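J.: let's see this in three dimensions:
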Amino acid sequence: MNPNELRQAYLDFFASKGHVIVPSAPLVIKDDPTLMFTNAGMNPFKDVFIGAKPVVHARIADSQKCLRVSGKHNDLEEVGIDTYHHTLFEMLGNWSFGDYFKQEAIDWAWEFLTQVCQLEKDRLYVTVFGGDQGDGLAADDEAKGMWLKHIAADRILYGSKKDNFWEMGDTGPCGPCSEIHVDLRGAAERAAVDGATLVNNDDPQVIEIWNLVFMQFERKANGSLVTLPAQHVDTGMGFERLARAVVGASSNYDTEVFKPYLRRLEALSGLTYGVEERIDIAMRVASDHIRAVAFAVADGQLPASNGAGYVIRRILRRAIRYGYSTLGFREPFMAELVPVMVANMGSAFPELPARADFIQQVIREEEVAFLRTLESGLKRLDAALAESDVLTGERAFELYDTFGFPLDLTSLICREQGKSVDENGFAAAMDAQKTRSRQASAQKVGDWTLVHEGASDVFVGYDHLESRAQLLRYRSVETAKGLVVQACFSPTPFYPEGGGQVGDQGWVSFGGEQVAVRTTTKETGMILHHLESAPATWTAEVTLTVDGARRSASAQNHSATHLLHHALRSVLGTHVEQRGSLVSPETLRFDFSHFQKVTAEELDRIEDHVAEAIRANQPLVERRAVPIAEAKTLGAMALFGEKYGDSVRVIQFGPSIELCGGTHVAATGMLAPFVLVSESSVASGVRRMEALSGASAEAYLKGIRRQWNEVVDEAKNSNPVSVLQDLRAQLADAKKKLEAAQRAQAADAQGDLLGSAVQHAGLRWVSAQLPIGSAAAKDLVFGLTKDNPDLVILVAIEEDGKAQAHLGAGETAVAKVHSGNWVRELGSHIQGGGGGQAFYASAGGKNPAGIPNLLTAFTEKWQKLA
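T.: Prediction:
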């Protein structure tokens with residue numbers, strides 16, 4: 001079976017067992033603050049497992065896109081080095097929500113592997129939970145007994161809690177698991193060493209392919225376990241590993257899952273896979289990473305400088321760097337792998353062919369930018385190596401963090417030049433960054449205190465800003481910023497943050513006590529109200545009141561966002577798609593796909609388009625609980641990367657029709673006025689517009705009018721632009737005259753400086769503070785050192801309230817003095833820093849008062865030379 005046939009065989013098999021086949025959820029997670037990406041097949045069903053959402057289908061099967069590169073599952077640095085770790089992988093899963101349990105899961109797993117996939121039974125081993133004294137849990141002999149009808153007892157192994165007890169996190173559903181491993185070694189190796197001894201021992205040929213998790217318990221915040229009211233099954237099988245096992249390959253990359261990418265890389269590079277290990281690693285890295293990046297972009301996550309976008313950028317840059325340093329690519333090559341991915345995976349994942357051009361364009365632009373960064377990084381490294389024989393750990397980490405240079409590449413370049421790297425210092429810098437990251441995101445979540453049973457996501461805020469409600473549950477969460485109190489009520493008029501719109505604020509009345517709601521969010525199917533503090537008494541009945549003014553302003557900006565989206569598509573073209581948004585009471589921000597700057601004329605047309613819709617006072621047409629298929633026939637725009645249910649809410653203003661769960665105005669006339677404030681680039685192929693509507697736009701326009709009047713008054717001219725142009729011309733002329741005067745002054749000072757130079761250690765030394773500019777100081781240093789090979793000169797100046805030091809060494813003097821190293825040390829006296837080459841370097845600092853100390857330190861330094 002080829003990979004597509006194998007995936008389909010799995011889905012067909014479980015469909016025959018009564019499972020509903022569902023499509024993969026997006027790779028990018030938008031409604032769970034604990035995760036950036038889907039990193040396990042169960043993530044999309046987390047709400048069901050914890051009881052936050054009802055069971056719609058008791059049996060489900062799918063092939064879920066997963067990404068593991070950060071946090072607990074950090075495999076990135078292993079990818080490509082070994083042959084079985086991946087960033088992006090498909091998790092084949094079958095699920096039971098309170099339906100079947102261990103027996104069926106075990107029987108069907110065995111049937112699929114041995115009958116459908118026809119794996120040899122004597123290559124398979126299984127593990128079961130061996131118990132844990134700390135949790136008071138006995139070995140899972142029940143599962144072992146069920147396995148015995150399929151496999152010999154010596155092939156059933158007990159595993160530790162680490163390997164055979166699955167937990168969602170520090171708290172939540174958990175339970176024992178049973179793993180299936182396959183031995184892919186040759187006959188001679190299998191005869192020599194029993195495969196049972198290699199299970200879960202990191203042998204690259206004896207690998208886990210399927211994990212059957214039996215969710216029986218819930219882990220509480222105090223570490224105790226309680227039995228779940230309903231038992232669930234959560235299984236996950238790595239598609240790439242299964243494909244390898246089916247064909248008996250020695251590596252995941254020796255299957256048709258990855259071979260098409262390797263063949264394309266061979267064609268592009270002129271190199272051959274399988275001849276040299278370093279080339280093989282580079283090709284494996286690129287073949288793996290393109291899948292992760294392309295799926296992320298397809299699901300709405302673009303490369304960026306922070307958050308989830310930084311993870312994607314880091315993956316892509318790792319591949320580019322390998323292609324640059326090992327495969328010899330100097331032009332974009334990762335983008336050339338996108339058509340390969342579409343051809344091989346597009347039938348199973350339709351988002352790939354639907355957005356192939358956009359994916360390819362984003363990746364190509366990222367490559368062009370990073371290839372320039374790589375060149376800069378190499379120059380930075382060369383400069384650092386010119387200063388010392390040992391590259392500091394801090395500098396090595398800067399190259400890693402800023403320029404994408406991993407330690408092994410930096411070490412290789414250093415070795416080639418006879419230099420070394422402080423690897424311990426690098427490790428310390430890396431650990432410090434990880435510690436900062438952990439501390440920034442660390443939180444201790446308390447157990448829920450349950451008051452009433454009930455659904456925690458009943459929202460009535462479309463129709464009401466106030467409601468009586470029941471208190472369902474509450475808890476405390478300790479974060480780096482302090483204690484947060486969270487509570488769930490039913491029903492609630494508070495809109496939870498989502499769809500780009502910020503969460504509502506307001507108040508909760510507990511009897512006679514009123515507590516402020518700071519914000520409202522949604523997590524695992526629950527609407528969470530973040531309270532300013534806990535009430536003195538948690539009353540069962542409460543009154544919830546939304547801040548109406550803030551809600552109204554948010555609704556205005558959200559409706560304006562819809563009009564802006566429609567205007568962008570009308571003016572710029574239907575290639576425009578939303579890539580992100582922020583809607584708050586104060587402003588709106590809209591990110592969209594477009595590969596060039598929006599012109600001034602286009603901005604005017606966009607603003608006019610929105611203004612026309614506002615003048616038309618188009619009424620809100622809201623349709624709730626519309627079947628998704630019907631919504632699409634209405635022409636409603638679905639945002640890619642979003643996960644929609646079977647029924648959706650449709651918002652329409654005239655020709656603008658979108659799927660949206662946010663709050664809106666009753667008619668577009670309430671949005672006047674509308675003002676575009678800015679347009680900029682935020683990522684490759686993504687532009688950002690910021691705008692205002694309603695009261696915030698009125699305030700902005702009044703502020704602009706006040707500023708204009710002040711400028712006109714100050715200029716004493718009704719056309720202040722002409723006044724500014726005249727002033728700039730006068731300033732430029734004055735600056736030229738000043739620079740000419742300072743250069744003349746510097747030339748006059750040459751004789752005095754040379755006359756005061758002191759002979760020491762075979763060189764001449766001179767230093768002074770001069771009343772000249774930076775350009776003149778640099779020219780002076782260059783001129784004197786060029787004509788005087790034995791001269792070392794330091795010129796200090798004060799310019800614009802700051803200090804500068806310019807240090808130069810003549811052709812003979814550089815044998816004893818490296819200007820870059822010296823000036824970096826001296827810069828501390830002026831509260832600054834700098835660097836440069838051996839023959840010239842400069843430093844800048846914010847403390848001109850330190851110039852005398854800098855000059856003294858320079859003299860003391862050269863006097864110590866022999």
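
J.: and the gap between the closest residue in space to Thr479 that isn't next to it in sequence and Asp170?
T.: Nearest residue to Thr479 in three dimensions, chain neighbours excluded: Gln443, at 4.4 Å (C-beta to C-beta, 6 or more residues apart in numbering). Bear in mind the C-beta positions are built from the backbone N, C-alpha and C, glycine included. To Asp170, Gln443 is 10 Å away according to C-beta to C-beta, to the nearest Å.

J.: so is Arg256 in a helix, a strand, or just coil?
T.: No Arg there; residue 256 is Glu. Using DSSP: H, G, I helix; E, B strand; the rest coil, the structure places Glu256 in coil.

J.: for it, phi and psi?
T.: Per-residue torsions, Glu256: phi -70, psi 0 (degrees, to the nearest 10).

J.: how far off centre is the strand or helix carrying Leu731?
T.: Leu731 belongs to helix 720-756 when assigned by DSSP states H and E. Mean-position distance between helix 720-756 and its chain equals 48 Å (C-alpha atoms, centre = their mean, to the nearest Å).

J.: OK, contacts around Ala775?
T.: By C-beta atoms under 8 Å, 6 or more residues apart in numbering, the residues touching Ala775 are Glu739, Gln742, Arg743.

J.: next one: Glu798
T.: Gln769, Gln804, Pro848, Ile851.

J.: apply 10 Å and report the result again.
T.: By C-beta atoms under 10 Å, 6 or more residues apart in numbering, the residues touching Glu798 are Gln769, Leu770, Pro771, Ile772, Gln804, Ile830, Pro848, Ala849, Ile851.

J.: columns pLDDT, secondary structure and neighbour count on top of these, output as TSV?
T.: Formatted as TSV, the contacts of Glu798 follow (pLDDT from 0 to 100; DSSP: H, G, I helix; E, B strand; the rest coil; neighbours: other C-beta atoms under 10 Å):
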residue	pLDDT	secondary structure	neighbour count
Gln769	94	strand	17
Leu770	93	coil	19
Pro771	91	coil	12
Ile772	90	coil	24
Gln804	95	strand	24
Ile830	94	helix	25
Pro848	94	helix	19
Ala849	94	helix	11
Ile851	95	helix	19
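
J.: ok, the residues you listed vs Arg518, which is closest?
T.: Taking C-beta to C-beta as the measure, Arg518 lies nearest Ile830 of the contacts of Glu798, at 44.6 Å.

J.: what is the burial count for the residue lying closest to that closest one once chain neighbours are set aside?
T.: Of all residues not flanking Ile830 in the chain, Gly845 sits nearest, at 3.0 Å (C-beta to C-beta, 6+ apart). Burial of Gly845 is recorded as 21 neighbouring residues (other C-beta atoms under 10 Å).

J.: repeat for Tyr644
T.: 14.

J.: nearest residue to it in space, ignoring adjacent ones along the chain?
T.: The shortest distance from Tyr644 to any non-neighbouring residue, by C-beta to C-beta, 6+ apart, is to Ile628 (5.7 Å).

J.: which pLDDT value belongs to the residue nearest to Thr479?
T.: Listed pLDDT for Gln443 reads 71.

J.: I figured it hits Val477, correct?
T.: Yes. Between Gln443 and Val477 a contact is recorded at 5.7 Å, counting by C-beta atoms under 10 Å.

J.: more neighbours, the two?
T.: Just comparing Gln443 and Val477: by other C-beta under 10 Å the higher neighbour count belongs to Val477, 15 against 12.

J.: bridge partners for the more buried one, pull those for me.
T.: Under DSSP bridges, the beta-bridge partners of Val477 are Val445, Val484.

J.: contacting residues for it?
T.: So Val477 contacts Gln443, Lys444, Val445, Gly446, Leu483, Val484, Val485, Gln486, Leu528, His530 (C-beta under 10 Å, 6+ apart).

J.: before we move on, the earlier item: of the contacts of Glu798, closest to Arg241?
T.: Closest approach between these and Arg241, by C-beta to C-beta: Ile830, at 59.5 Å.

J.: residues contacting the closest one?
T.: Residues in contact with Ile830, defined by C-beta under 10 Å, 6+ apart, are 796, 798, 802-805, 843-851, 853-854.

J.: and the residue nearest to Tyr644, how far from Ala61?
T.: For Ile628, the distance to Ala61 equals 21 Å [C-beta to C-beta].

J.: these two: which has the busier surroundings?
T.: Using other C-beta under 10 Å as the criterion, Ile628 and Ala61 rank with Ala61 on top: 22 against 14.

J.: what sits closest to that one if chain neighbours are left out?
T.: Leaving aside its sequence neighbours, Ala61 sits nearest to Phe14 (C-beta to C-beta, 6+ apart; 3.7 Å).

J.: can I assume that neighbour is in contact with Asn94?
T.: Yes. With contact defined as C-beta under 10 Å, Phe14 and Asn94 form a contacting pair (4.9 Å).

J.: need the overlap of contacts for the two.
T.: Residues touching both Phe14 and Asn94 (C-beta under 10 Å, 6+ apart): Arg59, Ile60, Ala61, Asp62, Trp108, Phe112, Thr235.

J.: show me which of these is closest to Gly300.
T.: Distance to Gly300 across these (C-beta to C-beta) is lowest for Asp62, with 19.6 Å.

J.: returning to what we had before: over to the residue nearest to Ala61. Which of the three states is it?
T.: Secondary structure assignment for Phe14 (three-state DSSP): helix.

J.: what's around it, how many residues?
T.: Phe14 is flanked by 22 other residues according to other C-beta under 10 Å.

J.: pull the contacting residues for it.
T.: Going by C-beta under 10 Å, 6+ apart, Phe14 touches 20-21, 59-62, 92-95, 108, 112, 235.

J.: try it again at 8 Å.
T.: Residues near Phe14 by C-beta under 8 Å, 6+ apart: Ile21, Arg59, Ala61, Asn94, Trp108.

J.: was I right about the fourth one contacting Arg59?
T.: Yes. With contacts defined as C-beta atoms under 8 Å, Asn94 counts as touching Arg59 at a distance of 7.5 Å.

J.: shared neighbours, these two?
T.: Residues touching both Asn94 and Arg59 (C-beta under 8 Å, 6+ apart) are Phe14, Lys17, His19.

J.: closest one to Lys419 out of these, please.
T.: Out of those, the member with the shortest distance to Lys419 (by C-beta to C-beta) is Phe14, at 57.2 Å.

J.: relative to Trp95, how far out is that closest one?
T.: 9 Å.

J.: what do the two both touch?
T.: By the contact definition C-beta under 8 Å, 6+ apart, Phe14 and Trp95 are jointly contacted by Arg59, Ala61.

J.: chain neighbours aside, what residue packs nearest to Pro627?
T.: Per C-beta to C-beta, 6+ apart, closest to Pro627 is Ser647, 5.7 Å.

J.: mind listing what that neighbour touches?
T.: Going by C-beta under 8 Å, 6+ apart, Ser647 touches Ala625, Val626, Pro627, Ile628.

J.: report pLDDT for it.
T.: 87.

J.: doesn't Thr543 fall inside a strand?
T.: Yes. With three-state DSSP as the criterion, Thr543 is located in a strand.

J.: how near is it to Leu409?
T.: Look at Thr543 and Leu409: by C-beta to C-beta, they are 62 Å apart.

J.: can you show me the strands along the stretch 1-150 of the chain?
T.: For the stretch 1-150 of the chain, strands defined by DSSP state E, counting those that start in this stretch occupy the ranges 20-21, 59-67, 88-97, 124-129.

J.: and the longest one, what other elements does it pack with?
T.: Contact analysis of strand 88-97 by 3 or more C-beta pairs under 8 Å, 6 or more residues apart in numbering; DSSP states H and E lists helix 3-15, strand 59-67, helix 102-111, strand 225-238, helix 239-247, helix 277-298 as its packing neighbours.

J.: which of these sits closest to Asn43?
T.: Closest approach to Asn43 among the helices and strands packed on strand 88-97 (C-beta to C-beta): strand 59-67, 7.7 Å.
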